[in-house]
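[1] 3D, please:
(2 chains, ligands or ions: 2)
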Amino acid sequence: MKVPFLNTDTLPYCKGCGHSLIAKNTAKALEKLNYQPLDVIMVTDIGCHGIIDKCLNTHTVHGLHGRSTALGAGISFATDDPGKKIIVFIGDGGSTIGLQHIMEASRLNLNMTVVVHNNYLYGMTGGQTSGLTPTGFNTTTSFDGNPFEGYDICALSHTAGAAYVSRIMGICDFSDNLAIAFSTKGFSLVEVLEICPSYGMKLNPRRKLAEIVESSGRKPGEWTNNREPYELHQGQKNQDLLATLPLIKKGFKSYLKKPLSMVVSGSAGEGVQLSAGLISKAAISSGLHISQKGSYPVTVGVGFSTAELNLSPGHINFHGINVPDMIIVTSQDGLAHNRKRIEAMKSGKVFIDSSLEVPQTGADVIRYDFRSVGERNASVFAVFFWALKSGIISTESLFKVIQDEGKGDKLPMDKIKDALSKVK
Amino acid sequence: MQENKKGMQTLTDASRLIIESMARAGADAFIGYPITPANLLYLYGSQRMPLMLAAPDEITTLQWMSGLAAAGKIPVTATSFPGYALMIESINMAYMMELPMVIVLVQRLGPATGTATCGAQGDLSLLRGQISGGHPLPVLCTSSFRDCWTLPAKALELAVNLRTPVVLLTSKEMVMTSKSFDISVLPEIEKVERKYYDMKCDGKYKPYKPTDWVPDFLPVTQSKHQVRINASTHDQLGLLQHSTEEAMNNTRRLEEKIVKRAHEYTWYELDEMQEANTLVVAYGITTAAAKDALGQLRAEGEKVSLLIPKTLIPVPEVYAEIMDSYSKVVVAEENINNQFSELLYGVRKPRNHRFVGSMGKMITPQQIIEEVKA
Ligand SMILES: Cc1ncc(C[n+]2csc(CCOP(=O)(O)OP(=O)(O)O)c2C)c(N)n1
Ligand code: SF4
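    Ligands and ions are numbered 1, 2, ... in the order given. A predicted model of the protein is given here:
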């Protein structure tokens, strides 16, 4: 049994509203293409055109003002069944507020059709000017003619990449035009031009649709892009995120008896976050618990780079660090970012590059030329130096991490070892 | 799980745990738009989820998710306030349409763009008031790395079972800090089982006819029964109505399904100490400070208990019952207006309640200790 697409001849629009013709021609086009109603998903926008749902025997999805293209896109992403048809009904108002969604669906060439009901104004809310209202057209909010040009929605969709775009006069039988769009693979958009009798006709007496279209400069036409329709590209997926985590074996000892908070700071590009990671992993391999977080300006490639670490023989809950127990500073950027902290230290240790001025502090200050191994390695070297001097973790544990992670080639290990051997 | 790795530590951040948890629970898609401090979730989502889509903005994010959900998928996303603000109308839409999805909200310091890289707990009041009509939308909050494993899966299950968007609330310091962690202690996560309307039924399918408060689901991509999904006021068929009795009952049901079935998703931890007169209440990132504070206070011989609410909205009644049984209650959260207490008591906070707040800095264990002793 053939089920019709419309369950009634009496559509809910004002007398003479062009929306009726769009609904009827849509039904006719789908019937011509032999679709079954339940293979069609109608996504309707908020506006007069959107009150069609109850007359349709298709699936109906009724969302928000302007968002129906994106909502339909979501359904389109979920199905690769060529037997399904997703059609969006939207007004010129919805196309204005939801322009981005039309651009995006065109760009991705999603399998769906958008039917723009362009009656040149916001019907449901009382005939206000929309982004598609042409110059000189009267609306309730521009009664002596819209001073601006309307968007060319077809050109926008076409240049964004839609496979098929057409602009048609919403008169007589235009089901064949719609059928072309509905059978297009990829994204299609049809702008149907019409006049809203309740506002458009009243406010623009004696003007005819053909003349308005002519004077708007947006004439009927067809535009295509020879593009492949959207297809799901799976890429490298479904990696178990836990399986890729390194499991760190305990191979070293630490004599740390109570929690220690520390900060490593320097300049971007000088290995600060890398060396903090070295400490973390070496500390874990020494049986400690750790927390680690980085902070740097939004422009990650310049300025300071700071890492905060907690090392503890027991479980770490709170990881915030106000005044650290120890701090390693290898550059002026790092010093500027942590000067207050260093000044606030009443005890503990500050490891600071010998080129830097030392702030007033209650901590023991250990100065050394960390930058002698090259500025890019200053932070890594300083961390080895810190391990050697503080004894909290061994330099062996740090070397092991570098070896395990295959970072040995990227770091001048001989230089670092040589420099370490000179430390007294 | 992962028996062979028992006791071995790894270094991870909690963003990774959240995404893996949701993937194992059956999330089908991650829709992303970049925003600090939710970027790690986006990164992991793109590596892990069967479908990853880069949306051009957060309104699109929620719309795409809704379309996917209408077609039977379970989508997730992660954002922070600026993105969340853009999503709210669409979240209302998904709530009204009854579409399952999880939104991870990573709090940062506001208002507006505020400080992207600074943590905060300032969005609870917004979450309570986000649905027009004042209806509650479920919000679960992670208070530890373990929660970042267990709760995302529960959020997904809840979203499916109640057919609603669910917010998983967390914050910058929780998801952007790496810690040593023994992943072998994490419990298995079961894939969420989806129940559909029985397709063998030949009667008329009513998309919004409830069984146990929640309507049976059918995707718009099947061809047996007509599905109508509607964000406007609607009847059980999903047809637009002004304010008919059936439609009002349907809208009322949206609230009722969340409230009446709240017992299925009331999660909290209560670390009670016998004879304690003081209760500390903390959730989210502040829980870590509260645990340390409790450890120190107890070591000094103080008797004090700790309540960690995980289900924040709808507020389980049991929280007030627990709080009422203490002569002193200290609520700690990283904002300056005590949003959690306001949620429970409005502006008339009980006299025995004290508040430890902060802005732009994590609350420290010391601050909580001082207030307990004060
Ligand atoms: C976010 C939002 N802003 C405003 C509105 C109010 N609104 C409802 S319908 C409508 C205009 C619809 O005009 P159009 O899209 O051209 O469709 P028509 O009524 O002409 O068919 C507007 C602005 C809304 N529903 N949502
Ligand atoms: S107000 Fe205008 S657009 Fe709306 S139904 Fe009436 S004629 Fe059509």
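
[2] hmm, the helix or strand encompassing B:Thr60 in reach of chain A?
    Secondary-structure assignment from DSSP states H and E places B:Thr60 in helix B:58-70. Yes: using CB under 8 Å from any CB of the partner chain, helix B:58-70 reaches chain A at B:Ile59, B:Thr60, B:Gln63, B:Trp64, B:Met65, B:Ser66, B:Gly67, B:Leu68, B:Ala69, B:Ala70. Every residue, glycine included, has its C-beta placed from N, CA and C.

[3] tell me, how many residues neighbour whatever residue of the stretch 1-150 of chain A ends up closest to chain B?
    Of the residues in the stretch 1-150 of chain A, the one nearest chain B is A:Gly74, at a distance of 1.7 Å by CB to the nearest CB. The burial count assigned to A:Gly74 is 33, neighbours taken as other CB atoms under 10 Å in any protein chain shown.

[4] on the pLDDT front, check it for me.
    Looking at A:Gly74, its pLDDT stands at 98.

[5] isn't there a helix covering it?
    Yes: secondary structure of A:Gly74 (DSSP: H, G, I helix; E, B strand; the rest coil): part of a helix.

[6] look up the closest residue to it, ignoring the ones flanking it.
    Distances taken as CB to CB, 6 or more residues apart in numbering or on different chains place B:Gly67 nearest to A:Gly74, at 1.7 Å, with adjacent residues excluded.

[7] for A:Ala210, same thing?
    Counting by CB to CB, 6+ apart, the nearest residue to A:Ala210 once its immediate chain neighbours are dropped is A:Met169, at 7.4 Å.

[8] quick one: contacts for the one you found?
    For A:Met169, the contacting residues are A:Val192, A:Leu193, A:Leu209, A:Ala210, A:Val213, A:Pro220, taking CB atoms under 8 Å, 6 or more residues apart in numbering or on different chains as the criterion.

[9] show me which of these are buried.
    The neighbour-count test (16 or more other CB atoms under 10 Å in any protein chain shown) marks A:Val192, A:Leu193, A:Leu209, A:Val213 as buried among these.

[10] nearest to A:Asn225, of these?
    A:Val192 (20.5 Å; CB to CB).

[11] so that closest one belongs to a helix, correct?
    No: counting by three-state DSSP, one finds A:Val192 to be strand, located in no helix.

[12] what bridges to it?
    Note on A:Val192: beta-bridge partners by DSSP bridges are A:His117, A:Ile168.

[13] that one and B:Pro219: what is the separation?
    29 Å (CB to CB, to the nearest Å).

[14] how about B:Glu20?
    Taken as CB to CB, the span from B:Glu20 to B:Pro219 is 26 Å.

[15] who's more crowded, those two?
    The residue with more neighbours, out of B:Glu20 and B:Pro219 and counting by other CB under 10 Å, is B:Glu20; that gives 27 against 19.

[16] now the phi/psi pair for the spatially closest residue to A:Val190 that is not a sequence neighbour, please.
    Leaving out its chain neighbours, the residue that sits closest to A:Val190 by CB to CB, 6+ apart is A:Ala181, at 4.8 Å. Main-chain torsions, A:Ala181, degrees, to the nearest 10: phi -60, psi -50.

[17] who touches A:Ala181 in this structure?
    A:Ala181 is in contact with A:Thr113, A:Val115, A:Tyr164, A:Ser166, A:Ser188, A:Leu189, A:Val190, counting by CB under 8 Å, 6+ apart.

[18] and for residue 171, the neighbour number?
    Just going to use chain A. Counted with other CB under 10 Å, the neighbours of A:Ile171 add up to 13.

[19] wait, chain B was what I had in mind.
    When neighbours are defined as other CB under 10 Å, B:Ser171 has 27 of them.

[20] spatially nearest residue to it (excluding sequence neighbours)?
    Computed as CB to CB, 6+ apart, the closest residue to B:Ser171 that is not its neighbour in sequence is B:Gln107, at 4.0 Å.

[21] now B:Ser143
    Counting by CB to CB, 6+ apart, the nearest residue to B:Ser143 once its immediate chain neighbours are dropped is B:Thr287, at 3.8 Å.

[22] low-confidence ranges, chain B, go.
    Within chain B, the set of residues satisfying pLDDT under 70 comprises B:1-5.

[23] show me the contacts for B:Thr177.
    Counting by CB under 8 Å, 6+ apart, B:Thr177 touches A:Ser291, A:Gln292, A:Lys293, A:His319, B:Asp13, B:Ala14.

[24] can you give me the strands in the stretch 51-200 of chain B?
    With DSSP state E, counting those that start in this stretch, the ranges of strands along the stretch 51-200 of chain B come out as B:51-54, B:75-79, B:101-107, B:139-141, B:165-171, B:178-181.

[25] what's the burial count for B:Ser243?
    8.

[26] and the closest residue to A:Gly93 other than its chain neighbours, how many neighbours?
    Ranked by CB to CB, 6+ apart and with sequence neighbours excluded, the top spatial neighbour of A:Gly93 is A:Tyr122, at 4.1 Å. Around A:Tyr122 sit 26 other residues, with neighbours defined as other CB under 10 Å.

[27] how far does the helix or strand harbouring B:Ile308 sit from the chain's center?
    With elements delineated by DSSP H and E, B:Ile308 resides in strand B:304-309, which encompasses its position. In terms of CA atoms, centre = their mean, to the nearest Å, the gap separating the centre of strand B:304-309 from the centre of its chain is 19 Å.

[28] tally of neighbours for the spatially closest residue to B:Asp235 that is not a sequence neighbour?
    The shortest distance from B:Asp235 to any non-neighbouring residue, by CB to CB, 6+ apart, is to B:Glu246 (4.5 Å). The number of residues packed around B:Glu246, counting by other CB under 10 Å, is 13.

[29] three-state assignment of B:Glu246?
    Using three-state DSSP, the three-state assignment for B:Glu246 comes out as helix.

[30] got phi/psi on A:Pro147?
    Dihedral angles (degrees, to the nearest 10) for A:Pro147: phi -80, psi -10.

[31] tell me the contacts of it?
    By CB under 8 Å, 6+ apart, the residues touching A:Pro147 are A:Thr135.

[32] so A:Leu189 belongs to a strand, correct?
    Yes: residue state for A:Leu189 (three-state DSSP) corresponds to a strand.

[33] okay, now it: neighbour count?
    31.

[34] how about it, what does it touch?
    A:102, A:106, A:113-116, A:153-154, A:157, A:162, A:164-166, A:181.
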